[in-house]
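Engineer: Predicted model and sequence follow; I will ask about them next.
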Amino acid sequence: MDVDSVLALAPDKQVATAAAKLAAPGNWSGLGHDDHALWGLCRGSGKNPYQVCVDLENGFAD
């Protein structure tokens, strides 16, 4: 799945634009992965970064 495919899932252009800004490499730290999941910390507007996890086996993202 490429970036355009992911952005096409956004409910509107405003959400897609905000998501594209957050996806910039400089916003991410603590990245990791294994056979079952991807994870990292995403800097947003708050004091602390968001903890992000994607379950590759069950299609769940948190």
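Structural biologist: That came through fine.

Engineer: List of residues touching whatever helix or strand Leu31 lives in?
Structural biologist: Per DSSP states H and E: Leu31 is located in strand 28-33. The contact list for strand 28-33 (CB atoms under 8 Å, 6 or more residues apart in numbering) reads 38-43, 49. In short, each C-beta sits where N, CA and C put it, glycine included.

Engineer: By mean pLDDT, flag the weakest helix or strand of the protein.
Structural biologist: strand 60-61 (a mean of 64; mean pLDDT, DSSP states H and E).

Engineer: Over to the closest residue to Tyr50 other than its chain neighbours: give its phi and psi.
Structural biologist: Spatial nearest neighbour of Tyr50, chain neighbours left out: Cys42 (4.6 Å); criterion: CB to CB, 6 or more residues apart in numbering. The phi/psi pair for Cys42 (degrees, to the nearest 10) reads phi -110, psi 120.

Engineer: can you give me the helices in the chain?
Structural biologist: Taking DSSP state H, the helices of the chain run over residues 3-7, 13-22.

Engineer: For those, which has the smallest mean pLDDT value?
Structural biologist: Mean pLDDT values for the helices of the chain show the minimum at helix 3-7, a mean of 84.

Engineer: Run through who's touching that helix.
Structural biologist: With CB under 8 Å, 6+ apart, helix 3-7 has contacts from 16, 19-20, 23.

Engineer: redo that, cut-off 10 Å
Structural biologist: 13, 15-17, 19-20, 23 (CB atoms under 10 Å, 6 or more residues apart in numbering).
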